[in-house]
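[1] Next comes the sequence, and after it the predicted model I'd like to discuss.
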Amino acid sequence: MKKRISEAGIIEDRELAEYYSLMAKRYMRIPCQRVLKRVMAKEIEKGIILDVGTGPGIFPIFLSKALPGIQFKGIDLSPVMIELARRNAMEEGLGDKIEFAMGSAYSLPCEDHSIDLLLCINTLHHLDHPIHFFNEAARALKEGGGFVMVDFHRDTSSVLIGVFDLLWKTFFGRHPEARKGFLESVQSSYTIAECRDFLEQSRLKYWKLYTRTIEMWIESTRPSSP
Ligand SMILES: C[S@@+](CC[C@H](N)C(=O)[O-])C[C@H]1O[C@@H](n2cnc3c(N)ncnc32)[C@H](O)[C@@H]1O
C-alpha cells in the first residue's frame, strides 16, 4: 500500500477556484443526485443540514432545490470558495436560502447537538486529523442526526485510478493545476482500514463504511430525529 501524501490546505488561487467552480457546475449533476438519494433515505424533511468543505457550494445548492423545507449551511476554510459559493447560490435564486460561511472542519461553527444532518463531500482527504473532525461531527449532530460523507480511498486499484484519472483530465484537464487534482486527491485519501480505525477511535457512533469503485462512503445507520 502506498504511503499517504497529504493534501492538507485550501485553494486560495482565485483563477483555480473559479475553474473548479465552473467545472463542478457543469459536471457534478450525477454525483449530486447520488448524494441526494442517500440524504433522502434519511427521511429528514426539515431542520438544518451542514455541508463541511462546501467548496463552490454545488452540493447544498442542488440539494436545497430538492429539499426546500431544509435549511442548508455550507462552510469552508477558503474565503475564495465561500465567495464563489455565495455567488453560485445567488445565480440560482437561493442567495437568501443557503448560508455560506468560513469555518473549519475541526471547529464547526455551530452549537452542540444542533445539526440534523452533516455532509462532507470530497473533503476528508484534505484533513490530516480525521478523528478530530469526526468528534466535531458527533458534537454538532443532534441525537440520532444523520451524516453522509464521501471521499476517495487509497485501496483503489491502479487500473481504476488510471481510468478515472483519464476521465478527470478529459473534464477538468484544461487548467494545469486542476489536471493533477485527481491523482493528488487519491494519494491524500485514506485506506478503508485507516478510516475504520479513525471512526472507531472517535465519538461518532452508528456509522457504516462501504466502497463504490473509487469512492468510500460513510453514512449514519440510524433513522434521523424528526
Ligand atoms: C475538493 S474540495 C470539495 C468541495 C465540495 N465539497 C465539492 O465536492 O464540490 C475540498 C474543499 O475542502 C476545503 N477544506 C480543506 N480543508 C478544510 C478544513 N480543515 N475545514 C473546512 N474546509 C476545508 C477546501 O477549501 C475545499 O474547498
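    Received the coordinates, thanks.
[2] Only alpha carbons, please: show the least confident helix or strand in the chain by mean pLDDT as PDB.
    None of the helices or strands of the chain scores lower by mean pLDDT, DSSP states H and E than helix 176-179, at a mean of 86. These are the backbone C-alpha positions of helix 176-179, laid out as PDB (Å, rounded to 0.1, in the frame of the first residue of the first chain):
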ATOM      1  CA  PRO A 176      -2.500  22.800 -15.300                       C
ATOM      2  CA  GLU A 177      -3.100  22.700 -11.500                       C
ATOM      3  CA  ALA A 178      -6.500  21.100 -11.800                       C
ATOM      4  CA  ARG A 179      -5.100  18.500 -14.200                       C
END
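[3] buried ones in it?
    residue 178 (16 or more other Cβ atoms under 10 Å). For glycine as for every other residue, the C-beta is placed from the backbone atoms N, C-alpha and C.
[4] list the helices and strands that helix packs on?
    helix 14-27, helix 158-172 (3 or more Cβ pairs under 8 Å, 6 or more residues apart in numbering; DSSP states H and E).
[5] quick one: the longest one to chain centroid distance?
    Using Cα atoms, centre = their mean, to the nearest Å, the distance from the centre of helix 158-172 to the centre of the chain it belongs to is 20 Å.
[6] Please enumerate residues in contact with that helix?
    Helix 158-172 has contacts (Cβ atoms under 8 Å, 6 or more residues apart in numbering) with 20, 23, 26-27, 156, 178-179, 181-183, 186, 213-214.
[7] With the first one instead?
    Residues outside helix 14-27 that contact it (Cβ under 8 Å, 6+ apart): 11, 55-56, 58, 78, 80-81, 84, 88, 171-172, 174-175, 177-178.
[8] Mind doing that once more with 10 Å?
    For helix 14-27, contacts defined as Cβ atoms under 10 Å, 6 or more residues apart in numbering pick out 10-11, 13, 31-32, 55-59, 61-62, 78-81, 83-85, 87-88, 91-92, 122, 167-168, 171-178, 181.
[9] relative orientation of that helix and helix 158-172 in degrees?
    Counting by axes from the mean of the first three to the mean of the last three Cα atoms, to 10 degrees, helix 14-27 lies at 100 degrees to helix 158-172.
[10] quick check, helix 14-27 touching the ligand?
    Yes. Counting by Cβ under 6 Å from any ligand atom, the ligand is contacted by helix 14-27 at residue 24.
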